[in-house]
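K.L.:
For reference, the sequence and a predicted model appear below.
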Amino acid sequence: MELLWVAAREDNPERPLRDQMDPLALPDHEVLRKYRLPRQLIMDLVDILKEDLQRRTNRSSPLSVALQVMVGLRFFASGSFQTVLGDTVGVSQPSVSRTVNSVSRALCRKASTFIRFPSSAAEQIQVKMGFFELAGFPNVLGMVDGTHVGIMNAFVNRKNFHSINVQIVCDATLKITNLVAKWPWQTHDSFILQTSALGIKFNKGQIPDGWLLGDSGYPLIPWLMTPILCRATAAEERYTDTQRKTCSSRFRCIDRSGGILLYTPEQLLYHNFRLNSGFSVSQSWFTSDRDRKPVLILS
């Protein structure tokens, strides 16, 4: 019997425990460079996502919550599975793929925590003051625009790549306050706004004291201020000049022309988490190794 047991052990040797590195063992400047967050904010994010990512299993050696979060953050920072694999010792490619998916879904479940349109009087006053300081345009609660985001399949746009038209509203600090990411590329920006929950609230008068700013692709309506294309008076010139000055720097945050927010919707929660935590966002942080891969839209 003992010989049979030994033979069985030889045929089915125990799998060694995965040799997982501790990404937080890196120096502070390396943590910041690789993950775009300081050490303490990473641990705060681990605490926020702990219940969603804790794997209750006795099989093999599951990845810790901290390592899952670090794998997800590294992917968001680089946009490359290969980069994550090169930086994360002891984690296979299938594990990286599953982990990025799990972390993305966990973040999406917390969307209402990170992405909120200002609702209280105090919040709205703060947002309006931020916009007024840009160019003197009063009463602004947000700026809205649409941007095409590449996806892996489903909708092919006029430039012959797969995309959806994503609506984003931001405030004067570049914080994202509203997001709609479900319409195919050919859907007009105005239709997306009018049919969105935010647009319906404005139309019903549920947000009476303030308006949005938009570009000339949107109609000029009581709660949406857009440029006047055919200006006939000095007042219209002043209005349009102020409107455009207010919009010029903020709109760049959601397009690919060189603004700050040059990444895709699954990272908007990550972006807001940093801003909510008081972590400054500067242009230098986004001269990274992102390769603009198409994104997988999670259902």
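P.N.:
Now that the structure is in, tell me what you want to look at.
K.L.:
and the closest residue to Phe191 other than its chain neighbours, what is it in contact with?
P.N.:
If the residues on either side of it in the chain are set aside, Phe191 comes closest to Trp183, at 7.9 Å by CB to CB, 6 or more residues apart in numbering. In this view, the C-beta of every residue, glycine as well, is placed from N, C-alpha and C. Counting by CB atoms under 8 Å, 6 or more residues apart in numbering, Trp183 touches 164-165, 167, 191-192.
K.L.:
Trp183 falls within a strand, correct?
P.N.:
Yes: assessed with DSSP: H, G, I helix; E, B strand; the rest coil, Trp183 lies in a strand.
K.L.:
That one pairs with what?
P.N.:
Trp183 forms beta bridges with Asn165, as assigned by DSSP bridges.
K.L.:
Equivalent analysis for Gly150, please.
P.N.:
Gly150 has these beta-bridge partners by DSSP bridges: Ser163.
K.L.:
just use 38 as the starting number from now, easier for me
P.N.:
Got it, the first residue is 38 from now on, which makes the last one we talked about Gly187.
K.L.:
May I ask which two of the contacts of Trp220 are separated the most?
P.N.:
Comparing every pair within the contacts of Trp220 by CB to CB identifies Ile201 and Phe228 as the most remote, at 13.6 Å.
K.L.:
residues of stretch 141-154 that come out buried?
P.N.:
Neighbour-count burial for stretch 141-154 flags 141, 143-144, 151-152, 154 (criterion: 16 or more other CB atoms under 10 Å).
K.L.:
List the neighbours of that stretch that are in contact with it.
P.N.:
Residues outside stretch 141-154 that contact it (CB under 8 Å, 6+ apart): 85-86, 89-90, 109, 178-179, 206, 213-216, 235, 303, 305-307, 309-310, 313, 335.
K.L.:
CA atoms only for that stretch - export them in PDB, please.
P.N.:
Extracted in PDB, the C-alpha atoms of stretch 141-154 (Å, rounded to 0.1, in the frame of the first residue of the first chain):
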ATOM      1  CA  SER A 141     -12.900  46.400 -14.000                       C
ATOM      2  CA  ARG A 142     -16.200  44.900 -13.000                       C
ATOM      3  CA  ALA A 143     -15.600  45.700  -9.300                       C
ATOM      4  CA  LEU A 144     -14.800  49.300 -10.200                       C
ATOM      5  CA  CYS A 145     -18.000  49.500 -12.300                       C
ATOM      6  CA  ARG A 146     -20.100  48.300  -9.400                       C
ATOM      7  CA  LYS A 147     -18.800  51.300  -7.500                       C
ATOM      8  CA  ALA A 148     -19.600  53.700 -10.300                       C
ATOM      9  CA  SER A 149     -22.100  55.700  -8.300                       C
ATOM     10  CA  THR A 150     -19.500  56.300  -5.600                       C
ATOM     11  CA  PHE A 151     -16.900  57.800  -8.000                       C
ATOM     12  CA  ILE A 152     -19.000  59.400 -10.700                       C
ATOM     13  CA  ARG A 153     -21.700  61.800  -9.400                       C
ATOM     14  CA  PHE A 154     -23.300  64.900 -10.900                       C
END
